[in-house]
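Visitor: I'd like to go over a predicted model; first the sequence, then the structure.
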Amino acid sequence: MRPDTPSDEDTTSPSPSPSPSPSPSPGLSPSPGPGPARSTDGNGSRRTLRSLRHRDFRLLAVGQLASQTGTWMQKVAQTWLVLDLSHGDGTALGVVTALQFLPLLFLGPWGGVLADRYPQRQILLVTQSVLCLVSLLPGVLALTGAVSLRAVYAFALAMGLTLAAEKPALQSFIAQTVPKADLPNAVALDTAAFNLARIAGPALTGPVIGAFGVAPAFFLNSFSYLVVLGALLRMKPVPRRTAGVSSSARHPKGQVRELLRYVRGRPDLGSPLILVGVVAGFGMNFQITTALMASDVFHTSSIAFGLGSTAFAVGAVTGSVAAARSDHCGRAYLAGTAFAFGVLEVVTSTMPHQAAFLLMLVPTGAVLILFMTAVKSALQLGTDDAMRGRVMSLYTLASLGTTPLTAPLIGWISSAATPRAGLAVGGLASALAAVSVGVRRQGPVHPRAPLFGRQRRQRRC
């Protein structure tokens, strides 16, 4: 992991002096004192964006914003293309989604092994190059009129296989771009970039498809990976220190078993992973539920069809900014935000009119991002350097790999009963899981990372 006083930073490192100061230092102390926790003046913005002081993280953030914007453009274009090729068959969309997510479910831990065994920047250079090519080819086929549904399936599977290696490496690489004290803020800003792209990408794709067809959307996504590659080549990350960490398992199978033993003995890691698996699997199916609410409940026009996704994304961006100003990732905070999300989702399912429904999606999205960002921060800070890639692969599996398993169930409930029932079931499952984690007695905690320990003051990262 990068040391707390890296040599290539653009700004000076925070002073280690413990004496209080009326103007907070740009850096954070890992254990904040009992004084005022927040500043309401201009220093608040500086606190929110403090990770951008570090050159490598700035490069990573710019690359991710470009890449995620392109990815969302391709998602919209791919959906349009599949519906066109399949003559509106929703099953074809389900197949594409499954092909992209199933590799994360089955190969996620192996991607974590790669992230722990090899330099993460090198893994990202390879995976971004492959993704650049995988995004370019369907655009070429669409432009020439040679594209077929089977070709789209093949590209979706190739992208899913690549993401299984890319996601753990990317999540772990963030820890090499900032000092440990700024890691929760960096995770939050990375999430904010994702959610900004979630708004910008679809907004740009509509006019592009209307004017030029689907091919340019694929080309723009392919170009966005070149931005990431350029940013990665300009970085100078400091290799992580792995001294003192067990290296007895040298084969991939042994490393996966080592990961499972490691998490089994760490309830401070296992509990948030289980919680995020339930919340993501049952509560985060908004791509299904908001679309069905729009078409089957509110009977909206095609122009207003995507407003649910936009409202949720606005809330997600708001939550990302709030998370960047927060240092909370204790067990009570995780359980509380997950419970609040579940309750808000149930309330959202009862809204009688579309305007009220869209309004409720904003706080629902905000609280969900507060929860997800806190989980990532807790896992990043509580994990040994040599295990970080594998642990973050479990986070990827829990947050994305559960979708192919639970989305059909939520879709069936929404179709067999009503879309309101699909939303309500997701919210109830999330709330019940949060209560279970909140009341469960915590076992012994790893001495190096007492995130969920018995200390009364341990409420922050």
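Guide: Perfect, thanks for sending it. Numbering: from 1, shown residues only.

Visitor: What segments of the stretch 251-400 of the chain are helices?
Guide: If DSSP state H, counting those that start in this stretch is used as the criterion, the helices of the stretch 251-400 of the chain fall at 252-264, 267-278, 286-292, 307-324, 331-349, 354-382, 388-396.

Visitor: Buried deepest among those, which one?
Guide: A comparison of those by mean neighbour count, using mean count of other CB atoms under 10 Å, puts helix 388-396 on top with a mean of 27. The C-beta positions use only the backbone N, C-alpha and C, and glycine is treated the same way.

Visitor: and the direction of that helix versus that of helix 267-278, what angle?
Guide: Counting by axes from the mean of the first three to the mean of the last three CA atoms, to 10 degrees, helix 388-396 points 40 degrees away from the direction of helix 267-278.

Visitor: so where does the residue most central in space within the chain fall, helix or strand?
Guide: Taking CA atoms, centre = their mean, the centroid of the chain lies closest to T191, which sits 6.1 Å from it. Element membership for T191 (DSSP states H and E) is helix 183-212.

Visitor: Just checking, which helix or strand succeeds that helix along the chain?
Guide: Per DSSP H and E, helix 183-212 leads on to helix 215-234 as the next helix or strand towards the C-terminus.

Visitor: Now that following helix: buried residues?
Guide: By neighbour count on 16 or more other CB atoms under 10 Å, the buried set for helix 215-234 is 215-222, 224-229, 231-232.

Visitor: now stretch 65-83
Guide: Going by neighbour count (16+ other CB under 10 Å), the buried part of stretch 65-83 is 65-82.

Visitor: how near is the residue nearest to L107 when sequence neighbours are not counted to S399?
Guide: Nearest residue to L107 in three dimensions, chain neighbours excluded: A164, at 4.2 Å (CB to CB, 6 or more residues apart in numbering). Separation of A164 from S399 (CB to CB, to the nearest Å): 13 Å.

Visitor: try M284
Guide: Taking CB to CB, one finds M284 at 8 Å from S399.

Visitor: doesn't R117 make contact with S172?
Guide: No - using CB atoms under 8 Å as the test, S172 is too far from R117 to be in contact (11.6 Å).

Visitor: quick one: which of the two has more around it?
Guide: Between S172 and R117, counted using other CB atoms under 10 Å, S172 has the larger neighbour count: 26 against 14.

Visitor: mind listing what the more buried one touches?
Guide: A115, D116, Q120, R388, G389, M392 (CB atoms under 8 Å, 6 or more residues apart in numbering).

Visitor: 7 Å instead, please
Guide: By CB atoms under 7 Å, 6 or more residues apart in numbering, the contact set of S172 is A115, Q120, R388, G389, M392.

Visitor: about what we covered before: quick one: pLDDT of the residue nearest to L107?
Guide: pLDDT, A164: 91.

Visitor: Kindly report the same for D296.
Guide: Per-residue confidence (pLDDT) for D296: 84.

Visitor: Counting neighbours, what do you get for the closest residue to it other than its chain neighbours?
Guide: Using CB to CB, 6+ apart and skipping the chain neighbours, the partner closest in space to D296 is P419 (5.7 Å). By other CB under 10 Å, 24 other residues sit near P419.

Visitor: what's P419 sitting at in phi/psi?
Guide: Phi and psi for P419, reported as degrees, to the nearest 10, are phi -60, psi -30.

Visitor: Go ahead and confirm it touches L292.
Guide: Yes - P419 lies in contact with L292 (CB atoms under 7 Å); the separation is 3.9 Å.

Visitor: Where does the prediction get shaky in the protein?
Guide: Scanning the chain for pLDDT under 70 picks out 1-45, 90, 238-253, 301-306, 441-461.

Visitor: what about the residue lying closest to L307 once chain neighbours are set aside, distance to S295?
Guide: Closest residue in space to L307, ignoring its immediate chain neighbours: L358 at 5.8 Å, by CB to CB, 6+ apart. In this view, L358 and S295 are 15 Å apart by CB to CB.
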